[in-house]
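K.L.:
This is a predicted model, with the sequence first.
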Amino acid sequence: MPPVRAVPPSAGRPFAAQVVEGRAAAAPPAEHYARLVRIAYLVLAPSLGRNRRVLSAHWLTQRALAGGRRADPGDAYAYVRLRVLSGALEAGLPLFRFARPRRAQFPPLVPQVWGLRLFPHSCGADELALEQALAGVSGPCRAAHVLRGLEGLDDAEVCRVLESAGVADPRAALLEAGGLAAPHSLLSSPEFDPCSLQVRPTDPVGRRRRGRTLLAGAGALLVCGTLLLMPGDGLGGPSAASAPLYARHETAQRALDPAALRRVPDRLWRSSTRRDFTVWPTRGDRAGDTGLLGRALAAWARPGPAVATSATPGTPDGPPMGPPQLLYAGEAGVAAVVLFHDGLRVVRYAEPRNADPSRGAALDFARVDGADAVAASALVVQRRAGRIRYLTAPWVREAGVRDLLAPRAAARPLPRDRHGVTDPLTEPEARGRADCRSWQALELRDGTAARLMTDLGELTPVRLTSGAPRSPHDVSGGSEREGWARTACLLPAMRSNGVRTVNSWPYARQRLPEGAGNALWLCTRADTWRGTGSRVLAQFHAPPELSGGTGAPGAVAARSEDSPDCGTRRPRVLAGVLWKSDGGRWYVLAAGSGQFVSVTATGGVRGRASGRLLALPAREGDRPRLDGLLSDGGRAGALR
């Protein structure tokens with residue numbers, strides 16, 4: 001993976017500020033409608049067909065312009081362009097069975113054209129070759145090519161825009177775009193202008209046949225809908241939290257009976273050989289409310305249209321196989337909350353305290369199989385208005401709050417009620433590094449150690465650790481807290497991924513050129529409950545006096561997903577950055593873990609260093625490739 005800059009790049013000039021000499025930079029985005037539609041058309045997947053791309057490009061641009069009224073006038077064009085890019089990239093995402101679809105993945109509601117097909121004017125062989133090349137690359141690659149060729153942005157600004165549009169790996173998109181050989185001038189060709197169109201009729205015979213089929217299908221759907229909405233035994237109906245009954249299996253019916261719920265005695269965990277969710281006692285002031293428990297079980301078995309359902313990746317959201325364990329039933333703020341455990345999952349049901357079905361309900365699933373005493377230390381009971389309440393395990397003796405961005409500050413106590421529910425604490429920042437000023441983490445003590453946990457948007461808090469991949473330990477001591485102070489604001493990149501633990505490993509320390517001090521290299525790895533989907537970040541921490549202080553986020557040198565690097569199976573890593581000294585000179589810096597005996601750079605910068613640290617003079621914009629020789633004689637590339 002080529003290295004990235006460790007200093008903020010200069011911002012590229014948006015197109016709205018370059019249109020005509022003497023024109024205001026804050027020109028209304030609507031004046032650039034044709035250009036924005038062209039950007040959407042080029043980024044949309046060619047597999048959609050030219051007619052669908054034309055209509056979708058206009059719809060995405062009109063929707064972006066409607067939302068652009070909230071933007072600052074000086075940044076209006078860049079804001080609208082970002083919305084257009086985000087929509088076009090979402091439209092190219094595949095539809096998965098259990099994933100929540102995005103609106104842009106479906107055909108546009110407006111504009112609509114009946115009986116005609118629209119497509120831009122055909123041009124020469126060069127345009128056709130570019131169209132075929134764009135069809136063979138990814139959506140982020142098309143977006144990078146358009147931003148670089150049509151908008152004239154430099155690579156650093158292209159990366160920034162792609163990251164803001166939700167692209168997971170902007171650098172990979174730029175590398176892929178570099179393989180497109182077509183000249184950038186072709187992007188301005190009439191072949192890609194969805195505002196200058198040709199018209200052809202559709203097939204009248206086929207249209208009439210499809211119309212008859214749709215009419216028959218609508219009739220069948222109306223009959224089925226009427227049958228489904230007919231009242232059964234009082235649990236169904238259009239306003240209820242559960243859909244009408246469709247099965248009478250004995251085990252399924254028993255799972256809906258609140259009296260059959262498994263309830264664990266208060267002190268069983270003290271004598272049990274296990275310390276996990278199976279020994280959590282049943283708690284809460286409404287643990288005996290059969291009405292609340294019955295509604296929660298019915299919604300779990302048959303979630304109706306009034307129930308908002310979510311599940312962490314890899315977590316099945318089907319009904320219980322039998323009577324589940326009741327962990328908690330009580331009130332938290334304005335909601336009544338029930339927590340279940342069925343051996344594989346923790347399930348949270350929440351409804352308004354007055355049980356008004358018209359106000360809806362929420363049903364959340366999280367996978368927790370294989371949980372130990374630490375992973376089963378707490379669950380989220382309520383998340384509302386940026387505040388979180390946790391239900392702690394019975395073996396937790398003390399709870400506190402620690403701001404990760406203040407490593408020298410002591411943890412403050414966090415009160416709990418008699419059931420183990422904490423007072424609300426501030427939800428960690430989720431908007432990115434620029435707005436990250438505080439990160440409130442949960443510190444739990446069980447009599448043996450202090451465990452640091454944080455919220456990443458799911459039912460189970462995530463355990464934070466430090467140390468080598470094969471011997472991670474709980475965060476302790478000033479140096480480890482200082483490392484986490486510069487890592488915390490990177491955690492939003494790991495949200496909502498079913499994360500179980502995040503380990504931060506300081507694998508190398510490097511003396512910077514020109515006597516600028518010492519830099520620290522860290523590898524941060526997030527492992528999931530399901531075992532796949534891990535995310536890895538290699539970080540470069542320049543001295544605090546050069547990078548904005550002890551709480552300033554580190555520079556992300558490389559990132560990867562589903563990589564064994566920095567994990568127990570492959571506890572090694574190599575990464576690099578392009579660094580600028582106070583004297584204005586550029587250097588390629590790289591560091592590997594202890595397994596590397598030499599590091600080599602090729603490409604824009606060439607050189608080799610014995611040992612695992614490399615520092616070579618470079619120029620702005622250089623993109624070297626890194627690899628290294630391992631102590632066992634093998635070679636390994638940089639994290640990517």
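P.N.:
Looks like it came in fine.

K.L.:
and stretch 131-142, how far apart are its ends?
P.N.:
11 Å (Cα to Cα, to the nearest Å).

K.L.:
Can you point out the buried residues in it?
P.N.:
For stretch 131-142, a neighbour-count test (16 or more other Cβ atoms under 10 Å) marks 131, 133-134, 137-142 as buried. The way it works is simple: take the backbone N, C-alpha and C, and place the C-beta from them, glycine included.

K.L.:
Over to stretch 34-42?
P.N.:
Of the residues in stretch 34-42, those buried (16+ other Cβ under 10 Å) are 35-42.

K.L.:
Generate JSON lines for those residues, with secondary structure, distance to residue 512 and pLDDT as supplementary columns.
P.N.:
Supplementary listing: these in JSON lines, determined by DSSP: H, G, I helix; E, B strand; the rest coil; distance: Cβ to Cβ, whole Å; pLDDT from 0 to 100:
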{"residue": "35", "secondary structure": "helix", "distance to residue 512": "43", "pLDDT": "92"}
{"residue": "36", "secondary structure": "helix", "distance to residue 512": "43", "pLDDT": "94"}
{"residue": "37", "secondary structure": "helix", "distance to residue 512": "48", "pLDDT": "93"}
{"residue": "38", "secondary structure": "helix", "distance to residue 512": "45", "pLDDT": "94"}
{"residue": "39", "secondary structure": "helix", "distance to residue 512": "40", "pLDDT": "95"}
{"residue": "40", "secondary structure": "helix", "distance to residue 512": "44", "pLDDT": "92"}
{"residue": "41", "secondary structure": "helix", "distance to residue 512": "46", "pLDDT": "93"}
{"residue": "42", "secondary structure": "helix", "distance to residue 512": "42", "pLDDT": "94"}
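
K.L.:
what ranges of the stretch 201-350 of the chain fall below the confidence cut-off?
P.N.:
Counting by pLDDT under 70, the stretch 201-350 of the chain has low-confidence residues at 203-211, 223-249.

K.L.:
residue boundaries of the helices in it?
P.N.:
Secondary structure of the stretch 201-350 of the chain (DSSP state H, counting those that start in this stretch): helices at 204-228, 250-255, 268-271, 290-301.

K.L.:
Please write out the alpha-carbon positions of the third one in CSV.
P.N.:
Okay, so that is helix 268-271. Only the C-alpha atoms of helix 268-271 are listed here, as CSV (Å, rounded to 0.1, in the frame of the first residue of the first chain):
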residue,chain,number,x,y,z
LEU,A,268,-26.3,-18.1,41.2
TRP,A,269,-23.3,-16.3,39.6
ARG,A,270,-21.4,-16.5,42.9
SER,A,271,-21.3,-20.3,42.9
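
K.L.:
Please work out how many residues are found near residue 529.
P.N.:
Neighbourhood size, residue 529 [other Cβ atoms under 10 Å]: 24.

K.L.:
residue contacts, the residue lying closest to residue 359 once chain neighbours are set aside?
P.N.:
Spatial nearest neighbour of residue 359, excluding adjacent residues (Cβ to Cβ, 6 or more residues apart in numbering): residue 352 at 4.8 Å. Counting by Cβ atoms under 8 Å, 6 or more residues apart in numbering, residue 352 touches 334-336, 359.

K.L.:
can you check residue 108 too?
P.N.:
Here residue 108 is in contact with 55-56, 58-60 (Cβ under 8 Å, 6+ apart).

K.L.:
Closest to the centroid, which residue in the protein?
P.N.:
Nearest to the mean C-alpha position of the chain, by Cα atoms, centre = their mean, lies residue 495 at 5.2 Å.

K.L.:
wait, isn't that residue in contact with residue 457?
P.N.:
Yes: because the distance of 4.6 Å satisfies Cβ atoms under 8 Å, residue 495 is recorded as touching residue 457.

K.L.:
just to revisit the earlier point, adding mean neighbour count and distance to residue 318, write the helices of the stretch 201-350 of the chain out as JSON lines.
P.N.:
Listed next are these as JSON lines, based on neighbours: other Cβ atoms under 10 Å; distance: least, Cβ to Cβ, whole Å:
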{"stretch": "helix 204-228", "mean neighbour count": "10", "distance to residue 318": "19"}
{"stretch": "helix 250-255", "mean neighbour count": "13", "distance to residue 318": "11"}
{"stretch": "helix 268-271", "mean neighbour count": "12", "distance to residue 318": "28"}
{"stretch": "helix 290-301", "mean neighbour count": "21", "distance to residue 318": "9"}
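
K.L.:
For residue 90, give me the pLDDT.
P.N.:
At residue 90, the pLDDT value in this model is 88.

K.L.:
Return the distance of the residue lying closest to residue 619 once chain neighbours are set aside relative to residue 612.
P.N.:
In space, and not counting its chain neighbours, residue 619 is closest to residue 586: 5.7 Å by Cβ to Cβ, 6+ apart. Spatial separation of residue 586 from residue 612 under the definition Cβ to Cβ, to the nearest Å is 22 Å.

K.L.:
between these two, which one's more packed in?
P.N.:
A side-by-side neighbour count of residue 586 and residue 612, using other Cβ under 10 Å, places residue 612 first with 24 against 18.

K.L.:
Any chance of the backbone angles for the more buried one?
P.N.:
With angles defined as degrees, to the nearest 10, residue 612 shows backbone torsions of phi -100, psi 10.

K.L.:
is it true that it touches residue 591?
P.N.:
Yes: taking contact to mean Cβ under 8 Å, the distance of 6.2 Å between residue 612 and residue 591 places them in contact.

K.L.:
still on that earlier bit, who wins on neighbours among the contacts of residue 108?
P.N.:
With neighbours taken as other Cβ under 10 Å, the top of the contacts of residue 108 is residue 60, carrying 27 neighbours.

K.L.:
For that residue, give its distance to residue 523.
P.N.:
Taken as Cβ to Cβ, the span from residue 60 to residue 523 is 38 Å.

K.L.:
Phi and psi next, for the residue nearest to residue 619.
P.N.:
As for residue 586, its main-chain torsions (degrees, to the nearest 10) stand at phi -100, psi 150.

K.L.:
do the one 5 residues further on as well
P.N.:
For residue 591, the backbone dihedrals (degrees, to the nearest 10) come out as phi -150, psi 140.

K.L.:
for it, which residues make a bridge with it?
P.N.:
With DSSP bridges applied, residue 591 shows beta-bridge pairing to residue 575, residue 613.

K.L.:
what about it, how many residues close to it?
P.N.:
Counted with other Cβ under 10 Å, residues neighbouring residue 591 total 28.

K.L.:
dump the residue contacts of it.
P.N.:
Remark: with contacts taken as Cβ under 8 Å, 6+ apart, residue 591 is in contact with 507-508, 510, 521, 574-576, 599, 612-614.

K.L.:
give me that answer again for 6 Å
P.N.:
The neighbours of residue 591, taking Cβ atoms under 6 Å, 6 or more residues apart in numbering as the test, are 508, 510, 521, 613.

K.L.:
ok, the second one touching residue 517?
P.N.:
No: contact status for residue 510 versus residue 517: not in contact, 10.0 Å apart, counting by Cβ atoms under 6 Å.
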